[in-house]
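# Quick check, what structure comes out for this input:
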Amino acid sequence: MKTSLLVSWSALTLLALRGVAATASPLTVLSGQLAHAPQADSVRLQVGSRRVAAVLSPAGEFRLEVAGLQEPQQATFSYGKQRTSLWLSPGDRQHLTLDFPKFDETVQYSGRGAATSNYLARALYRFVFDIPGQVPVPLKHLTPQTTPAEFAQQETAYQQQRQDFLTTYAKAHGLPKSFVRAQRQILALQAAQDRLSFIGYWHYLHRDDTPAQALVLPATYFDFLPLLRLPQLMAHPTAAITPLVAELLGSYSNRLVPNMPLSTDPAELGRLYAVATADLGPTPARDQVIYNLLTSHVLQGFPSVLAAYPTFKAQNRDSTLARELRQRIVARLPFAAGQPAPDFTLRDNTGKEVSMRDLRGKVVYLDFWGTWCGPCMYELTKHSHALKERFLGRDVAFVYVSVRDTQAQWQQVLQQEKLTSANSVHLWAPDKTVANLYQVPYYPSYYLIGRDGRFVEAYTTLPSDGAKTVAAIEAALNAPAPANAPR
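Model (predicted):
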């Protein structure tokens, strides 16, 4: 299952709103035997936020007990690096058998409640794992040439196959009607998630386009949202549906702003509130998705957050969200365009002390990185060389601050990867003091600083962003120095 974005509207929150009472329920048991299973830690079962584990016997047998299960829901069984999904209801006594080398092909359940889990095992193998010879998953076969209309058509056909399979299997195996209803809701939510995820995939596939392209969606692309009846689902959540609703809300920013970033037009957020209210109603979830959208722009896209904040303050009804967003804005303000970049002094790879003040008069492209950081090394070895060469002989200093490295490791990588150049400054930070001074949220983090020592853009674009980064540096070079430049 995909990992959702950070969303406070979590499964536990929804269940709390529902007021689920902890009442006595029969013990739920999953036992089983794994043939030809390798030695591993333990067998594990996750049901919602609850996890149980047991040791696999030398004969490959196990028994897992879940007490207090209140309602039917999907669970995940795992051992080693393999996992599968099953459906558990209070009081079930299911028995799992499989041949570990052919894990997904041989999953089989027996006992009370087995029919629903066998359906999930067959459906996953046929429709979700994207196994050759089975039904291809449209989202896993996108190309730069795939249009939104083509994907929507493929996804509709794919989901219809899944619905038809559910209908046929239910008739053949006597699946409970309540389970079939729940699965139809789950399939509809998964289809909606795929539609929203496509937007992110499309931008990723077109990240190197020059000039950059805007995604143009058909007018009917989001017509699936009213059919989900999200306000009703949120008003009456279940353990089976809640995680999928939370995941969908985590991707909802793609619905609001298919082409990031958010506009700096102060009226834009009012329009987005209207869209979210139509989809979600005047609910806490609506306020949460707007909050998610704004917080995702605090680092990159800060001017749009400042423009939108008055509207958020007027329309938002959640005081906790309002306080948290204000705190994020206040923390970000010292790094807004035009604010002075903090000064610091570190030693370079030759042992010489270098301070930011020494670089006044040049545009500084500042990179916080580490040899231990894969994305950092990718940017440095695959893209930074070309960017530095582009501005060689001009008033641009590329400053690299190594964090959480030993001096020996840092010096070794500089030499091995040939990272030094005439227009680069390589500094070693003995601790995280300077990184904390710049509120580095992740690695690598880049800052563009003007000739006057003031921020042009904190958390700016990466070397791999190509033309965008070149244009930003060019604009900083051509910008007139303000009269109040710090001395």
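# Could you check how far residue 321 is from residue 145?
To residue 145, residue 321 is 40 Å away according to C-beta to C-beta, to the nearest Å. Any C-beta I mention is one placed from the backbone N, CA and C, and that applies to glycine too.
# same thing with residue 128?
25 Å.
# model confidence over the helix or strand hosting residue 320, on average?
When elements are assigned from DSSP states H and E, residue 320 belongs to helix 319-332. In this model, helix 319-332 has a mean pLDDT of 95.
# From the contact counts, what lies against it?
Counting contacts by 3 or more C-beta pairs under 8 Å, 6 or more residues apart in numbering; DSSP states H and E, helix 319-332 packs against helix 284-295, helix 302-315.
# residues making contact with stretch 252-260?
Here stretch 252-260 makes contact (C-beta atoms under 8 Å, 6 or more residues apart in numbering) with 5, 196-197, 199-200, 203, 214-215, 217, 222, 225, 272, 275-276, 279, 289-290, 292-293, 296, 301.
# how does this protein divide up, domain by domain?
Domain segmentation of the chain under automatic domain parsing yields 11-141, 188-334, 345-478.
# Comparing residue 128 and residue 145, which shows the higher neighbour count?
residue 128 (18 against 7; other C-beta atoms under 10 Å).
# nearest residue to that one other than its sequence neighbours?
Nearest residue to residue 128 in three dimensions, chain neighbours excluded: residue 137, at 6.9 Å (C-beta to C-beta, 6 or more residues apart in numbering).
# which ones are touching the one you found?
So residue 137 contacts 127, 128, 130, 158 (C-beta under 8 Å, 6+ apart).
# what's the neighbour count on the last one?
Which is residue 158. Counted with other C-beta under 10 Å, the neighbours of residue 158 add up to 17.
# Validate this expectation: it resides in a helix.
Yes. Assessed with DSSP: H, G, I helix; E, B strand; the rest coil, residue 158 lies in a helix.
# I'd like the average pLDDT over the helix or strand hosting residue 399.
Element membership for residue 399, per DSSP H and E: strand 396-402. Strand 396-402 shows a mean pLDDT of 98.
# same question, stretch 426-439
97.
# contacting residues around it?
331, 335, 342, 344, 346-349, 354, 366, 368, 399-405, 407, 410, 414, 419-420, 445, 447, 458.
# Go through it and flag the buried ones.
Buried residues in stretch 426-439, counting neighbours by 16 or more other C-beta atoms under 10 Å, are found at 426, 427, 428, 429, 434, 435, 438.
# for stretch 65-80, same thing?
Using 16+ other C-beta under 10 Å as the test for burial, stretch 65-80 gives 66, 69, 70, 72, 73, 74, 75, 77, 78, 79, 80.
# average pLDDT for it?
For stretch 65-80, the per-residue pLDDT averages 95.
# Now do it: distance to the chain's middle.
Relative to its chain's centre, stretch 65-80 lies at 25 Å (C-alpha atoms, centre = their mean, to the nearest Å).
# Pull the number of nearby residues for the nearest residue to residue 144 once chain neighbours are set aside.
Nearest non-adjacent residue to residue 144, counting by C-beta to C-beta, 6+ apart: residue 205, 4.7 Å away. When neighbours are counted by other C-beta under 10 Å, residue 205 registers 14.
# Correct me if wrong: residue 205 contacts residue 141.
No. Contact between residue 205 and residue 141 fails when scored by C-beta atoms under 8 Å: they sit 11.7 Å apart.
# With pLDDT added, can I get the contacts of residue 137 in JSON lines?
Below are these laid out as JSON lines (pLDDT from 0 to 100):
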{"residue": "127", "pLDDT": "97"}
{"residue": "128", "pLDDT": "95"}
{"residue": "130", "pLDDT": "93"}
{"residue": "158", "pLDDT": "97"}
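# Pick out whichever of the residues you listed sits closest to residue 152.
residue 158 (10.7 Å; C-beta to C-beta).
# Just the ones of the buried residues of stretch 65-80 in strands?
66, 73, 74, 75, 77, 78, 79 (DSSP state E).
# which helix is the longest one in this protein?
helix 177-205 (DSSP state H).
# returning to what we had before: so which of the buried residues of stretch 426-439 comes closest to residue 101?
The closest of these, once distances to residue 101 are taken by C-beta to C-beta, is residue 435, at 46.7 Å.
# Which of the helices or strands spans that closest one?
helix 433-437.
# Confidence-wise, which helix or strand of the protein is lowest on average?
In the chain, no helix or strand scores lower on mean pLDDT, DSSP states H and E than helix 11-18, which sits at a mean of 43.
# Touching, residue 410 and residue 402? I think so.
Yes. Applying C-beta under 8 Å as the test, residue 410 and residue 402 come out as touching, 4.6 Å apart.
# residues shared between the contacts of those two?
Common neighbours of residue 410 and residue 402 (C-beta under 8 Å, 6+ apart) are 371, 428.
# returning to what we had before: partner strands of the following helix or strand past the least confident helix or strand of the chain, parallel or antiparallel?
Using DSSP H and E, the helix or strand that follows helix 11-18 towards the C-terminus is strand 28-35. Taking DSSP bridges as the criterion, strand 28-35 forms sheet pairs with strand 61-66 (antiparallel), strand 93-99 (parallel).
# What are the buried residues along strand 28-35?
28, 29, 30, 31, 32, 34.
# Show me what that strand is in contact with.
43, 45, 56, 59-67, 69, 75, 77, 79, 86, 88-100.
# Report the next helix or strand after it in sequence order.
Reading on from strand 28-35 to the C-terminus, the next helix or strand found by DSSP H and E is strand 43-47.
# rewinding a little: tabulate the buried residues of stretch 426-439 (a markdown table), appending distance to residue 311.
Listed next are the buried residues of stretch 426-439 as a markdown table, based on distance: C-beta to C-beta, whole Å:
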| residue | distance to residue 311 |
| --- | --- |
| 426 | 44 |
| 427 | 42 |
| 428 | 45 |
| 429 | 40 |
| 434 | 36 |
| 435 | 34 |
| 438 | 30 |
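# measure the residue lying closest to residue 289 once chain neighbours are set aside to residue 151 for me?
Sequence neighbours aside, residue 252 is the residue nearest to residue 289 in space, at 4.4 Å (criterion: C-beta to C-beta, 6+ apart). Note on residue 252: its distance to residue 151, by C-beta to C-beta, is 18 Å.
# Which one of those two is surrounded by more residues?
Neighbours per residue (other C-beta under 10 Å) separate residue 252 from residue 151, with residue 252 holding more: 26 against 21.
# what pLDDT does the more buried one get?
With respect to pLDDT, residue 252 has a value of 96.
# same check, this time on residue 2
On pLDDT, residue 2 comes in at 36.
# can you dump the C-alpha coordinates of stretch 287-304 into PDB?
Written as PDB, here are the backbone C-alpha positions of stretch 287-304 (Å, rounded to 0.1, in the frame of the first residue of the first chain):
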ATOM      1  CA  ASP A 287      -9.700  22.500   7.200                       C
ATOM      2  CA  GLN A 288      -7.000  19.800   7.400                       C
ATOM      3  CA  VAL A 289      -6.500  19.500   3.700                       C
ATOM      4  CA  ILE A 290      -6.200  23.300   3.300                       C
ATOM      5  CA  TYR A 291      -3.700  23.300   6.200                       C
ATOM      6  CA  ASN A 292      -1.700  20.400   4.500                       C
ATOM      7  CA  LEU A 293      -1.600  22.400   1.300                       C
ATOM      8  CA  LEU A 294      -0.300  25.500   3.000                       C
ATOM      9  CA  THR A 295       2.300  23.700   5.200                       C
ATOM     10  CA  SER A 296       3.700  22.000   2.100                       C
ATOM     11  CA  HIS A 297       4.500  25.500   0.700                       C
ATOM     12  CA  VAL A 298       6.100  26.900   3.900                       C
ATOM     13  CA  LEU A 299       9.600  25.900   2.800                       C
ATOM     14  CA  GLN A 300       9.200  26.200  -1.000                       C
ATOM     15  CA  GLY A 301       6.500  28.700  -2.000                       C
ATOM     16  CA  PHE A 302       6.500  30.800   1.200                       C
ATOM     17  CA  PRO A 303       5.100  34.000  -0.600                       C
ATOM     18  CA  SER A 304       2.000  32.000  -1.500                       C
END
